[in-house]
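Participant: let's see this in three dimensions:
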Amino acid sequence: MIKNIAIFLAVGLALYLGVRQYLKHTVVPPFPAFEHPMTTLDEKLVNIKDSQSDYYLVSYFQTWCGDCVKEQPELLKLKQRFGDSIAILMVSDEGIEKITAFKARFNSQLDFYNSSKTLKSIDITRYPTTFLINKEGKTIDVRVEGINWFSNETIKTVSQLVKE
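Facilitator: Residues are numbered from 1 along each chain as shown. Model (predicted):
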């Protein structure tokens with residue numbers, strides 16, 4: 001009897017922890033960029049609230065992340081298509097040297113930043129986590145581990161936003 005209760009409790013605990021972990025990593029976190037300043041690659045402190053753009057696409061990434069690498073060409077094509085109508089910001093909590101090397105690897109024209117807080121501490125736990133937001137911080141679209149940003153659907157959405 002005691003053995004059955006122990007097995008039941010162990011299975012219940014495993015299920016609870018598994019569901020808790022699953023929900024933590026599948027639920028999209030609230031957009032954190034308005035709350036936490038970032039540092040440019042030349043180490044100047046910036047806050048997204050001070051920017052002049054009406055729309056932002058903010059990608060939280062890691063330089064070691066395969067999907068983050070795959071996302072780069074998509075974001076670069078989106079930037080080429082819409083120019084300054086949308087600011088594309090790449091944010092990582094890794095060191096500035098690593099971020100700079102990642103940017104150079106793609107010869108990227110995107111804006112890269114170092115987060116003032118660890119991404120995990122602001123509930124970003126899967127990469128890339130990318131937000132399309134307006135200047136008030138309202139989330140228009142968000143993708144976790146989504147790499148296809150230069151899709152017909154996204155182009156249509158951004159075109160309607162910026163009234164291309």
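Participant: show me what counts as buried in stretch 126-135.
Facilitator: Residues of stretch 126-135 classed as buried under the neighbour-count rule (16 or more other Cβ atoms under 10 Å) are 126-133. (Glycine included, C-beta is placed from N, CA and C.)
Participant: residue boundaries of the helices in this structure?
Facilitator: With DSSP state H as the criterion, the chain has helices at 2-26, 66-82, 96-105, 152-162.
Participant: please work out the average pLDDT along the longest one.
Facilitator: When you say that, I think you mean helix 2-26. On average, the pLDDT along helix 2-26 is 54.
Participant: what's the span of stretch 141-154, first residue to last?
Facilitator: Stretch 141-154 has an end-to-end distance of 9 Å (Cα to Cα, to the nearest Å).
Participant: tally of neighbours for W149?
Facilitator: Residues near W149, counting by other Cβ atoms under 10 Å, number 25.
Participant: repeat that for E71.
Facilitator: 24.
Participant: how much space between the residue lying closest to E71 once chain neighbours are set aside and T139?
Facilitator: Among residues not flanking E71 along the chain, I147 sits closest, at 4.3 Å (Cβ to Cβ, 6 or more residues apart in numbering). Counting by Cβ to Cβ, to the nearest Å, the gap between I147 and T139 amounts to 18 Å.
Participant: the more surrounded of those two?
Facilitator: Counting neighbours by other Cβ under 10 Å for I147 and for T139 shows that I147 has the greater number, 19 against 12.
Participant: list the contacts of that one.
Facilitator: 67, 70-71, 74, 128 (Cβ atoms under 8 Å, 6 or more residues apart in numbering).
Participant: pLDDT score assigned to it?
Facilitator: For I147, the model assigns a pLDDT of 77.
Participant: for it, grab phi and psi.
Facilitator: I147 adopts backbone torsions of phi -120, psi -10, taken as degrees, to the nearest 10.
Participant: look up how far L89 lies from it.
Facilitator: In this structure, I147 and L89 are 17 Å apart, going by Cβ to Cβ.
Participant: L45 now?
Facilitator: 15 Å.
Participant: my guess is Y56 contacts E136. True?
Facilitator: No: applying Cβ atoms under 8 Å as the test, Y56 and E136 come out as separate, 10.7 Å apart.
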